[in-house]
Every structure is written in C-alpha cells, then in structure tokens.
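Novice: sequence first, then the predicted structure, then my questions.
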Amino acid sequence: MNNSRPKAKLSRALGIPLTPKCVKYFERRPFPPGVHGRGRRKASDYQVRLLEKQRLRHQYNVSEAQMRRAYEDAHRGEGKTGENMVSLLERRLDAVVHRAGFTRTIYQARQLVAHGHFQVDGKKVDRPSYRLQPGQVVTVKETSRSKPPFEIAAAGAHLGERSAPYLSTAIEELRTALISIPVRGQIPVLCDEQLVVEFYAR
C-alpha cells in the first residue's frame with residue numbers, strides 16, 4: 001500500500017514530517033500544500049478527526065483496512081481503545097524493525113520485511129503486519145547481513161535518539177526482542193488517538 005504522493009507534500013498536508021528527509025522541507029513550509037494552504041478555513045469536527053486518523057495511518061504506513069482492523073481489535077481489548085490501538089500498531093513487525101534502528105524509515109522497513117530479510121524466532125516472516133508477542137526475537141537473516149542497508153544499520157546509523165524501552169536491541173548483532181507490551185507513553189508517534197477512536201466510532 002504505497003502512497004505515491006511525494007512524502008514532503010504528504011508531510012505538509014498532515015502537519016508532521018514522515019521521514020528524516022522531510023524534516024527540512026516541513027520546517028521551510030509548515031503549512032498545507034496548494035494555493036490556499038496558508039489560509040484555510042477552520043476545519044469541521046469531522047475533518048479534524050479524519051486528519052488525526054490519517055496522521056496515525058501514515059506514521060505506520062498502513063492501509064485503511066489495516067487501520068480499521070487495529071481499531072476493532074483494540075476496541076475488543078481491555079483499557080482505552082485509542083491507547084490499545086497505538087500499541088497494536090507498534091507491535092507490527094515493520095514498526096518493530098524500524099524502531100529497533102534496523103531501517104531509516106518505516107517505508108524502508110516495510111519493503112525489507114516484505115522482501116524476506118527478517119526472521120522471527122528463527123523463522124522467516126515476510127508479512128509487515130505480523131504482530132509480535134512479548135518474548136519474540138527478530139533478527140536479520142544471516143544471508144542478508146552483508147547487504148548495504150544492514151551494514152549501515154549495524155553501525156548504528158539509524159539509532160539517533162531512538163529509545164524503545166519495550167525492546168531489547170543488540171544493534172551490532174542486528175537482533176531485537178519485544179520484552180513487553182508497548183504502552184502509549186513510550187511510543188513516539190504524534191497523534192491524539194482519542195480523535196481517531198471518535199472517527200471510527202461515529
């Protein structure tokens with residue numbers, strides 16, 4: 001589900017930079033794209049909730065069907081639906097791979113998972129939407145470790161200030177383990193998830 005819209009333009013439309021490269025574009029033009037980008041009228045309640053849903057969806061690079069499924073699964077669980085939903089999205093294999101510092105962006109994570117470069121508990125998993133359980137270990141396949149993206153990752157190039165307390169990562173070994181269920185306060189996505197819940201509950 002690749003959105004063909006240029007990431008910088010999409011970032012401006014959503015009000016958040018979606019990739020490291022988009023940060024400078026976004027800082028230079030922090031208003032929506034288009035002729036009327038600077039002076040848009042006040043958004044309706046529906047538009048506010050829709051925008052928040054789109055912001056969350058694009059931060060995880062998931063389809064609308066996958067977002068709705070996450071909402072429905074979260075709604076069936078105990079606790080706050082919005083917080084559950086973000087936690088479920090954060091446990092996707094592509095999200096864990098990205099958060100561990102194995103990729104530069106969530107888009108690269110999705111691509112590398114789909115191409116079969118990762119194993120979960122020693123078995124190849126090529127489904128980006130695969131949902132990890134605490135205790136499961138993610139590694140880069142032995143035959144993939146010498147490929148440039150993983151040599152760069154193993155050197156710590158993508159770590160920056162990333163720190164996920166629910167992961168135990170050995171970056172030089174290209175290995176990470178989900179050690180606990182992520183809680184909302186630990187997850188670095190920009191979103192008012194209650195508005196997303198209200199969008200789907202309408």
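Specialist: Thanks, I have it.

Novice: in space, not sequence, find me the middle residue of the protein.
Specialist: Tyr60 (2.9 Å; C-alpha atoms, centre = their mean).

Novice: that residue contacts Ala95, doesn't it?
Specialist: Yes - using C-beta atoms under 8 Å, Tyr60 makes contact with Ala95 at a distance of 6.0 Å. No exception for glycine: its C-beta is placed from N, CA and C like everyone else's.

Novice: overlap of the contact sets of these two?
Specialist: Leu89, Ile106 (C-beta atoms under 8 Å, 6 or more residues apart in numbering).

Novice: what strand or helix carries the nearest residue to the residue nearest to the centre of the chain once chain neighbours are set aside?
Specialist: Closest residue to Tyr60 apart from its sequence neighbours, by C-beta to C-beta, 6 or more residues apart in numbering: Leu89 at 4.8 Å. Here Leu89 sits within helix 81-90, counting by DSSP states H and E.

Novice: what does the next helix or strand after that helix contact?
Specialist: Next helix or strand after helix 81-90 toward the C-terminus (DSSP H and E): helix 93-99. When contacts are defined by C-beta under 8 Å, 6+ apart, helix 93-99 is touched by residues 60-61, 89-90, 103, 105-106, 108-110, 112-113, 118, 120, 125, 127-132, 138, 162, 164, 167, 176, 178.

Novice: report the mean per-residue pLDDT for the helix or strand following helix 93-99.
Specialist: On the C-terminal side of helix 93-99, the nearest following helix or strand under DSSP H and E is helix 106-114. Helix 106-114 carries an average pLDDT of 97.

Novice: equivalent analysis for stretch 64-84, please.
Specialist: Stretch 64-84 comes out at a mean pLDDT of 97.

Novice: what of stretch 8-25?
Specialist: 72.

Novice: likewise for stretch 148-167?
Specialist: 89.

Novice: gap between the two ends of it?
Specialist: Terminal residues of stretch 148-167 lie 24 Å apart, using C-alpha to C-alpha, to the nearest Å.

Novice: need the contact partners of it.
Specialist: 90, 96, 99-104, 108, 112, 117, 140, 144-145, 171-174, 176-183, 186, 188.

Novice: the strands in this structure, which residues?
Specialist: 118-120, 123-124, 137-140, 167-170, 175-178 (DSSP state E).

Novice: returning to that earlier point: buried ones among the contacts of stretch 148-167?
Specialist: For those, a burial check counting by 16 or more other C-beta atoms under 10 Å picks out 90, 96, 99-104, 108, 112, 117, 140, 144, 171, 174, 176-178, 182.

Novice: I'm done for today, thanks for sticking with me.
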